[in-house]
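> Fold the following and give me the result.
(4 chains)
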Number of protein chains: 2
Amino acid sequence: MPEPADTTWLRTVAHEVRSFDRSSTAERVAELLRSRVIEGDLPPGTRLSEEQLVEVLHVSRNTLREAFRLLTHEGLLVHRLHRGVFVPELAEDDLVDLYRLRRTIECDVVRRLDTLDAVRLRPLHDAVAAGEDAARRGDWVAAGTANMRFHQQLVALAGSRRIDETTARLLAELRLAFHAIAVPQRLHEPYVSRNRALLDLLAGGEVEQAAKELEAYLHDSEAELLAAHRERPRS
Amino acid sequence: MPEPADTTWLRTVAHEVRSFDRSSTAERVAELLRSRVIEGDLPPGTRLSEEQLVEVLHVSRNTLREAFRLLTHEGLLVHRLHRGVFVPELAEDDLVDLYRLRRTIECDVVRRLDTLDAVRLRPLHDAVAAGEDAARRGDWVAAGTANMRFHQQLVALAGSRRIDETTARLLAELRLAFHAIAVPQRLHEPYVSRNRALLDLLAGGEVEQAAKELEAYLHDSEAELLAAHRERPRS
DNA sequence: CTTGAGGGATTGTTCAACAACTCTCTAGGT
DNA sequence: ACCTAGAGAGTTGTTGAACAATCCCTCAAG
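Next comes the predicted model:
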């Protein structure tokens, strides 16, 4: 053990605990909050109190605010001046908007694909298999996660960092909407097999037909989500 | 005049100067830095010293860092842990990536257009006219700005908030690349007339042909930019 | 020429204090 | 009863100082 001379060791050891990895404290706080929001623990509309979180997380307000800003940029929190940060409540407009961008990106990515060996399709295959497995177990939360992964890996075929990032934000926001709604099975079940069908089309090199199917797929998905949103349990 | 009683008025009056509008100090600092970066006053690779900027802008380090975060998320600054924030130097990969996303969004927006009355095309027309005017004057910086506006207004036809935001970030980043290069005329001149041609196609309702032209347009633009980037004056 | 140990400069994080804003509740006017 | 003004409480916005951690440059030793 090093020499325990003055009282500063308390701070240094505390810092060691906090900065085990190579990221900043703010990033780690953001990661923690992100999972809470994505997991649905914090329902839309919830205000995240600075005072409260500083107390619980043992970080300074400044660091916490930096974490807030990270998540705000990802669309997982909204910031209202002098009022605080909230878990966003997506309106119907937002859902339509999200699907609009989603169709644009995903369909275009598929349409521009050319060479597709089995290696590049591997992550897609894994995601589809995970979805089928989750569906078999009746775990619709896991099925939803696998579905997100499928679409993330789908656009990853484009090999574009910015397309990946844009899609990640998009899907994260969309997940908020899924959490605001209570019936995961109805929203996820049909797409387990449709993901498989899509993958088969891609493996067969029929990109144009895959793009068309994806277009219809997203259209149906949007309609389902909107319908479910209108029967939302609470506003 | 109100009663000048204690000494706190110094701080309050200073605050009034700073917060004239309805945004936070950090946002205003960000706005200031944003224009400097976009305008090209800060060349790519420049490091923005906290100490220095705190001195000049008369804000605290925390506030300045908040502004940094905002701009980092817009892609106008890059943050390296323990090293500070820099004006990004776009690599060739980044240019290709930016044009990849650009083609995806812009072409898809055009392809999905349907009703197009003159009113909705008005902002596009204005941007084209501004570009032609700038070209006539030989003001290629203004021509570049008008070109950005044209494309921003083009995607705005989709009526999607998130598509607008994504495009704004994209074009802002792209502008960095233009500033890193010295020959604005060669990069902007051909597109003044091509913007006009594109607008005519849209006004005529020929969206599919417009999309094809835009595809070729962006392809040419990318090639020009890459070529110019390879002959860059300084690394 | 490479390697490694200072040392100075800069960033990362915390803390405490105060200013400014929002929201709510109450008192007064109509 | 209804609207309006304003006081008060609670929360966010911003500051400045302090110190820890890290980077980078220099210089000497191998």
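> which residues of chain A fall in helices?
Remark: helices assigned in chain A by DSSP state H are A:9-18, A:25-39, A:50-57, A:61-73, A:92-111, A:118-137, A:140-156, A:161-179, A:184-203, A:207-230.
> And chain A, split by domain according to the record?
A:9-86, A:92-230 (automatic domain parsing).
> Save these as CSV, and put in distance to DNA strand D and mean pLDDT too.
Bear in mind the C-beta positions are built from the backbone N, C-alpha and C, glycine included. As requested, those are exported to CSV (distance: least, Cβ to the nearest atom of the strand, whole Å; pLDDT from 0 to 100):
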stretch, distance to DNA strand D, mean pLDDT
domain A:9-86, 3, 80
domain A:92-230, 20, 92
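> which one of the ones you listed is the most hemmed in?
Highest mean neighbour count among these (mean count of other Cβ atoms under 10 Å in any protein chain shown): domain A:92-230, with a mean of 18.
> quick check, that domain touching chain B?
Yes: with Cβ under 8 Å from any Cβ of the partner chain as the threshold, domain A:92-230 lies in contact with chain B, specifically through A:97-98, A:100-101, A:104-105, A:107-109, A:112, A:158, A:160-163, A:166, A:170.
> Repeat that for stretch A:56-65.
Yes: Stretch A:56-65 reaches chain B (Cβ under 8 Å from any Cβ) through A:62, A:65.
> List the residues that contact the residue of chain A found nearest DNA strand C.
Proximity of chain A to DNA strand C (Cβ to the nearest atom of the strand) peaks at A:Thr63, 2.9 Å away. Contact analysis of A:Thr63 by Cβ atoms under 8 Å, 6 or more residues apart in numbering or on different chains lists A:25-26, A:29.
> I'd like the distance between it and A:Val29.
Here the distance between A:Thr63 and A:Val29 works out to 7 Å (Cβ to Cβ, to the nearest Å).
> for A:Arg230, same thing?
From A:Arg230 across to A:Val29, the span is 36 Å (Cβ to Cβ).
> likewise A:Glu89?
Shown here: A:Glu89 relative to A:Val29, a distance of 23 Å by Cβ to Cβ.
> picking up where we left off before, ok, the contacts of A:Thr63 vs chain B, which is closest?
A:Ala26 (9.0 Å; Cβ to the nearest Cβ).
> Would you confirm that the closest one contacts A:Ala67?
Yes: using Cβ atoms under 8 Å, A:Ala26 and A:Ala67 qualify as a contacting pair, with a distance of 4.7 Å.
> Can you pull the residues that touch both of these two?
The contact sets of A:Ala26 and A:Ala67 overlap at A:Val59 (Cβ under 8 Å, 6+ apart).
> Near DNA strand C, which residues of chain A are found?
When proximity is defined as Cβ under 7 Å from any atom of the strand, chain A approaches DNA strand C at A:18-19, A:24-26, A:58-63, A:66, A:81-83.
> and A:Thr214, what is it in contact with?
Thr isn't right for residue A:214; it's Leu. Under the criterion of Cβ under 8 Å, 6+ apart, the neighbours of A:Leu214 are A:106-107, A:110, A:198.
> mind checking how far it is from A:Leu202?
With distances taken as Cβ to Cβ, A:Leu214 is found 10 Å from A:Leu202.
> got any residues that touch both of the two?
Each of A:Val110 lies in contact with both A:Leu214 and A:Leu202 under the rule Cβ under 8 Å, 6+ apart.
> how about a markdown table for the domains of chain A, with distance to B:Asp41 added?
Rendered in a markdown table, the data for the domains of chain A read as follows (distance: least, Cβ to Cβ, whole Å):
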| stretch | distance to B:Asp41 |
| --- | --- |
| domain A:9-86 | 25 |
| domain A:92-230 | 25 |
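> closest to B:His125 out of the ones you listed?
domain A:92-230 (24.2 Å; Cβ to Cβ).
> so how far is the first residue of that closest one from its last?
In terms of Cα to Cα, to the nearest Å, the two terminal residues of domain A:92-230 are separated by 8 Å.
> Stretch A:110-127 too?
The stretch stretch A:110-127 measures 17 Å between its terminal residues, going by Cα to Cα.
> Give me the contacts around it.
Taking contacts as Cβ under 8 Å, 6+ apart, the residues outside stretch A:110-127 that touch it are A:146-147, A:149-150, A:153-154, A:156-158, A:195, A:199, A:202-203, A:205, A:207-208, A:210-211, A:214, B:104.
> tell me, what residue is most central in chain A?
A:Ala172 (2.7 Å; Cα atoms, centre = their mean).
> residues touching that residue, list them.
A:Ala172 makes contact with A:38, A:74-76, according to Cβ under 8 Å, 6+ apart.
> and of the residues you listed, the nearest to B:Leu33?
For the contacts of A:Ala172, the closest approach to B:Leu33 (Cβ to Cβ) belongs to A:Glu74, at 21.9 Å.
> can I get the contacts of A:Thr63 in TSV with distance to B:Arg34?
Putting the contacts of A:Thr63 into TSV (distance: Cβ to Cβ, whole Å) gives the following:
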residue	distance to B:Arg34
A:Thr25	27
A:Ala26	22
A:Val29	26
